[in-house]
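Chemist: Would you be able to build a 3D model of this:
(chains A and B)
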Number of protein chains: 2
Amino acid sequence: MSKKLPTRQEDYSAWYNELVKRAGLAENSAVRGCMVIKPYGYAIWEKMQRQLDDMFKRTGHENAYFPLFVPKSLFEAEEKNAEGFAKECAVVTHYRLQTDPDRPGKLRVDPNAKLEEELIVRPTSEAIIWSTYKNWIQSYRDLPLLINQWANVVRWEMRTRLFLRTAEFLWQEGHTAHATATEAVAETRQMLDVYAEFAEEHMAVPVVKGVKTPNERFAGAEDTYCIEAMMQDGKALQAGTSHFLGQNFAKAFDVQFANKEGGLEHVWGTSWGVSTRLMGALVMAHSDDEGLVLPPKLAPIQVVIIPIYKTGELDALLERIRPIQQGLVQRGISVKIDSRDTERPGFKFAEWEMKGVPVRLAIGARDLDAGTVEAARRDTKEKLQLPLAEVVDSVDKLLNDIQLNIYTKARAYRDSHTTRVETYDEFKAVLDGPGGFVVAHYDGTSETEELIKEQTKATVRCIPLNEPDEDGICIVTGRPSTRRAWFARAY
Amino acid sequence: MSKKLPTRQEDYSAWYNELVKRAGLAENSAVRGCMVIKPYGYAIWEKMQRQLDDMFKRTGHENAYFPLFVPKSLFEAEEKNAEGFAKECAVVTHYRLQTDPDRPGKLRVDPNAKLEEELIVRPTSEAIIWSTYKNWIQSYRDLPLLINQWANVVRWEMRTRLFLRTAEFLWQEGHTAHATATEAVAETRQMLDVYAEFAEEHMAVPVVKGVKTPNERFAGAEDTYCIEAMMQDGKALQAGTSHFLGQNFAKAFDVQFANKEGGLEHVWGTSWGVSTRLMGALVMAHSDDEGLVLPPKLAPIQVVIIPIYKTGELDALLERIRPIQQGLVQRGISVKIDSRDTERPGFKFAEWEMKGVPVRLAIGARDLDAGTVEAARRDTKEKLQLPLAEVVDSVDKLLNDIQLNIYTKARAYRDSHTTRVETYDEFKAVLDGPGGFVVAHYDGTSETEELIKEQTKATVRCIPLNEPDEDGICIVTGRPSTRRAWFARAY
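Modeler: Coordinates of the predicted model:
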């Protein structure tokens, strides 16, 4: 832990990469573009999963599991979707290896074990799931069908970064079917709200809810809604998407239902997902040059206790510390006592700072004798003397404060990096200056969007929901516009 | 629900296949050998996962996630393991599809996107994990390393059956590393105990703990321990395995640690896993000709309430039922009220019987007026009148009784289908008669084991642990033997 991280100022990208590794979140693997999610990183992901899963279930969804592989012919059925994903996928062509006759001890593909039809490792599961829904849906009584899947998916990315863009990643994908367009749109919006609530309340990451332009839309959707977050380097990150699929997949896979009047109609679909990419957002939104800063609600360890002792006194001190630990655990707070005899307190402080544990308690016999405990907040680095008698209440309150403070700070950063501009020059100046979201009128055409992207590397992140119309003129073409879009350079 | 299942007597295999589908557990997919786990089946699997995960964490393990793909060269590193799995695996050879120039709208593999090295979809993760452990382990302070992964794996099975043998399945795989052989063996045995406890206490399936013969050992292990269960057709099912890997993988992947004395040693490994196969065991161990019988501890719905009412009276009745539901839920019991207006009670009874819900409450206004509730046990089909005032306590007790009764019944079946024999004729007579475990002396050689398998289709399921030595003679060769093995025909 002695080596310092690169600072965010020096090299944000190097800071992120180093931090992810040094905090024990993830590392690159022997497989190009695939990561290993290490125990500490996976523990955070598990907390995210548990919370999201509870929210999905509360909104009436059930989990199921569909095959890893998509036969090529199913993949072809929804044309836009196939085109969107065919360029970057892992293709299984054979089902057996054999000993290589020319190289003893080596294996090769058995040329006699070629599949009749290639299998694609799912980049997303609409095709396999909608081909299944055909048999599950006959009547309006089978609707709505509200299903979620936790799974791994693979997209053959050429340039990868831990969590942010990896060939294999973990995610959840909801796939629902409804009797009417209205219900399907309501579901799409509901799940967007669930994602936004999760991001803000649990990740402490403020997000803008909006709709994507056709250019940025999911291949096969009628509308893609998203939540967009702002990272500390002024770049945006898409943190979740929810798609209104219209009847596209229902038509591609012939999923029809008998309505109450006895007529046959195609069902209306949605899909929505968040992935381990959220881990990247979590790291980049809050952390500092000393390491991770985790919101208490997602921290695997919320409180670390470091005993401060002289040689030979550890056991006696631990005896006195354990009731404090028990009190915290009874309050539902996760606590680790770092009683390693091989490391000094300063080393431990730095290590748990790197790992983003929200509250550190340094406890020595003298403190206990004096009826106090020294607490340190990871977010502000402030130190506090807590009365021993109230330590559980105090720590509980501290955790709530930290959760709120982290959010407030991220929100202030986001707000101070959201700039309304009226001209293309201003637009470019913001991007090349402070960065962040640039809120501007444009004429709504793909051409202008493309031009802006080419010239500035900024994309339309979304057209925010619930914002009033406003007359204006496009910063590029001068044509009329009625809504501002939020642009940014993005991950 | 009108159509009856085939009976177990008539056709056990057809009964199983039909039941799995009709109870909504799983179905075959568009991908050869891969299943879709339906919401009700997945809900049971989630309960299994949650329980096992808690048990793993209580014994000090952490979860992590490793890549889906294993590069061929890593696969080759541990020779026996590679041989054992190379025959049946999905091989990714390309990373892109393209539009087929000869067939508009169709896709084909892009011949220019061939991988330099083939990737195997993991059939098990020892290779990829041990290649990672090499970097995680330097010193005795890094040990033991206690990691588990929840994942999907693929083995290219030619003959598949829902849950019991599928090309893709879900499982957990523990992979641990230790400083000494003693510790690694203790871990292997501990996890076997965890599996046995889970099977008996939660699945209500009695199991025999034992060690596999070299013929049946995991490829790459020094010793494979297993738990073996007995199904209602007299066939055994291997429900979990725990492997002592010795230093095989440490040597193959050069994983060494500096011991306390400063010397370098290879670490000692274990791996252990259970899979969605447990779902098959659960179904086959308890269910009857009317459908599933689920142990309360794993039932997604423990109590179903069926309102009994005349037209127009449903809402008023539901008002009176809801406090009962709430009382049960407060006790931690999962309850579903089946208030569908489109189906009659008899239909609902049959449907929830098929789905194995442990307790059914049929509640009408007259019962409530009389201060009683009619309960029906799924396991014994017994009906009971419960006093309304004590309904929560009574149902709670009933659920405990059912959990115990299901176990006791399965245990009695297993015990009455475990036969000690002294001759090969008796051995064959048992297998062709009642079936079950046949407990016999054999000379311990692979040749005799093979011969028995060829002639009777029975294999050595295990040599049970903790059984005293006993002098005897091999039922086939007459050579001396000191331990009895448990044989059976098996899934």
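Chemist: where's A:T342 relative to A:F349, distance?
Modeler: Separation of A:T342 from A:F349 (C-beta to C-beta, to the nearest Å): 15 Å. (Each C-beta comes from the backbone N, C-alpha and C, glycine too.)
Chemist: Between the two, tell me which one has more neighbours.
Modeler: Neighbour tally, A:T342 and A:F349, criterion other C-beta atoms under 10 Å in any protein chain shown: the higher count belongs to A:F349, 18 against 6.
Chemist: element containing the more buried one, please.
Modeler: Applying DSSP states H and E as the criterion places A:F349 in helix A:345-354.
Chemist: Give me the contacts around the following helix or strand past that helix.
Modeler: Scanning forward in sequence from helix A:345-354 by DSSP H and E, the next helix or strand is strand A:359-364. Outside of strand A:359-364, the residues within contact range by C-beta atoms under 8 Å, 6 or more residues apart in numbering or on different chains are A:296, A:302-309, A:317, A:321, A:324, A:345, A:349, A:352-353, A:373-378, A:386, A:391, A:395, A:398-399, A:402.
Chemist: Okay, buried residues for the following helix or strand past strand A:359-364 please.
Modeler: Moving toward the C-terminus from strand A:359-364, the next helix or strand (DSSP H and E) is helix A:365-369. By neighbour count with 16 or more other C-beta atoms under 10 Å in any protein chain shown, helix A:365-369 contains the buried residues A:A365, A:D367.
Chemist: Other residues contacting the helix or strand just after helix A:365-369?
Modeler: As assigned by DSSP H and E, the chain's next helix or strand after helix A:365-369 is strand A:372-377. Outside strand A:372-377, the residues that touch it by C-beta under 8 Å, 6+ apart are A:324, A:349, A:358-363, A:367, A:382-388, A:391, A:394-395, A:398, A:401-402.
Chemist: Give the phi and psi angles for A:Q149, as a check.
Modeler: Per-residue torsions, A:Q149: phi -130, psi 130 (degrees, to the nearest 10).
Chemist: Over to A:L164?
Modeler: With angles defined as degrees, to the nearest 10, A:L164 sits at phi -80, psi -40.
Chemist: what about it, neighbour count?
Modeler: By the criterion of other C-beta under 10 Å, A:L164 has 21 neighbours.
Chemist: roughly how far apart are it and A:E157?
Modeler: To A:E157, A:L164 is 10 Å away according to C-beta to C-beta.
Chemist: For the closest residue to A:Y442 other than its chain neighbours, list the residues it contacts.
Modeler: Nearest-residue entry for A:Y442: A:C474, 4.7 Å, with adjacent residues in sequence omitted and distances by C-beta to C-beta, 6 or more residues apart in numbering or on different chains. Residues counted as contacts of A:C474 (C-beta under 8 Å, 6+ apart) are A:H441, A:Y442, A:D443, A:T448, A:P480, A:S481.
Chemist: change it to 6 Å
Modeler: Residues near A:C474 by C-beta atoms under 6 Å, 6 or more residues apart in numbering or on different chains: A:H441, A:Y442, A:D443, A:S481.
Chemist: how deep is the last one tucked in, by neighbour count?
Modeler: Summarising burial for A:S481: neighbours were counted as other C-beta under 10 Å, giving 21.
Chemist: for A:K397, same thing?
Modeler: For A:K397, the neighbour count with other C-beta under 10 Å is 12.
Chemist: Tell me if it really is in a helix.
Modeler: Yes: according to DSSP: H, G, I helix; E, B strand; the rest coil, A:K397 belongs to a helix.
Chemist: List the residues that contact A:W272.
Modeler: Counting by C-beta under 6 Å, 6+ apart, A:W272 touches A:G174, A:M191, A:S242.
Chemist: what separates it from chain B, distance-wise?
Modeler: 17 Å (C-beta to the nearest C-beta, to the nearest Å).
Chemist: Quickly list what that residue is bridged to.
Modeler: A:W272 has the following beta-bridge partners by DSSP bridges: A:G174, A:S242.
Chemist: and if you look at A:A26?
Modeler: Applying DSSP bridges to A:A26 gives these bridge partners: A:I37.
Chemist: need the helices for the stretch 51-200 of chain A, in chain order.
Modeler: Counting by DSSP state H, counting those that start in this stretch, the stretch 51-200 of chain A has helices at residues A:72-77, A:79-86, A:126-136, A:181-197.
Chemist: does chain B sit close to the third one?
Modeler: Yes: where contact is defined by C-beta under 6 Å from any C-beta of the partner chain, part of helix A:126-136 touches chain B, namely A:S131, A:T132.
Chemist: what's the angle between that helix and helix A:79-86?
Modeler: Orientation of helix A:126-136 against helix A:79-86 (axes from the mean of the first three to the mean of the last three C-alpha atoms, to 10 degrees) gives an angle of 140 degrees.
Chemist: in helix A:126-136, what counts as buried?
Modeler: Under the neighbour-count criterion of 16+ other C-beta under 10 Å, helix A:126-136 has A:E126, A:A127, A:I128, A:I129, A:W130, A:S131, A:T132, A:Y133 buried.
Chemist: Could you do the shortest one as well?
Modeler: Under the neighbour-count criterion of 16+ other C-beta under 10 Å, helix A:72-77 has A:K72, A:L74, A:F75, A:E76, A:A77 buried.
Chemist: Now render those residues as CSV, adding pLDDT and distance to B:E168.
Modeler: Listed next are those as CSV, based on pLDDT from 0 to 100; distance: C-beta to C-beta, whole Å:
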residue, pLDDT, distance to B:E168
A:K72, 94, 17
A:L74, 93, 16
A:F75, 87, 17
A:E76, 89, 21
A:A77, 87, 21
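Chemist: TSV for those, including distance to B:R122?
Modeler: Listed next are the buried residues of helix A:72-77 as TSV, based on distance: C-beta to C-beta, whole Å:
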residue	distance to B:R122
A:K72	22
A:L74	23
A:F75	22
A:E76	27
A:A77	28
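Chemist: which among those residues gets closest to B:L282?
Modeler: Proximity of the buried residues of helix A:72-77 to B:L282 (C-beta to C-beta) peaks at A:L74, which lies at 30.8 Å.
Chemist: Assign the residue nearest to the spatial centre of chain A to helix, strand or coil.
Modeler: In chain A, the residue lying closest to the centroid (C-alpha atoms, centre = their mean) is A:L278, at 1.6 Å. At A:L278 the chain is in helix, as set by three-state DSSP.
Chemist: Please enumerate residues in contact with stretch A:63-76?
Modeler: Contacts of stretch A:63-76 (C-beta under 6 Å, 6+ apart): A:82, A:117-120, A:122, A:125, A:127-129, A:131, A:147-149, B:29-31, B:34, B:36-39, B:42, B:106-107, B:152, B:168.
Chemist: which of the residues in stretch A:22-32 are buried?
Modeler: Result for stretch A:22-32 [16+ other C-beta under 10 Å]: buried residues A:R22, A:A23, A:G24, A:L25, A:A26, A:E27, A:N28, A:S29, A:A30, A:V31, A:R32.
Chemist: Revised request: answer the last question for stretch A:312-322.
Modeler: Buried positions in stretch A:312-322, judged by neighbour count with 16+ other C-beta under 10 Å: A:L317, A:L318, A:R320, A:I321.
Chemist: Spell out which residues of the stretch 51-200 of chain A are next to chain B.
Modeler: Residues of the stretch 51-200 of chain A lying near chain B (C-beta under 6 Å from any C-beta): A:62-69, A:71-72, A:76, A:86, A:90-95, A:97, A:106-107, A:109, A:131-132, A:152, A:156, A:168.
Chemist: re earlier: could you name the helices and strands sitting against the helix holding A:F349?
Modeler: strand A:303-308 (3 or more C-beta pairs under 6 Å, 6 or more residues apart in numbering or on different chains; DSSP states H and E).
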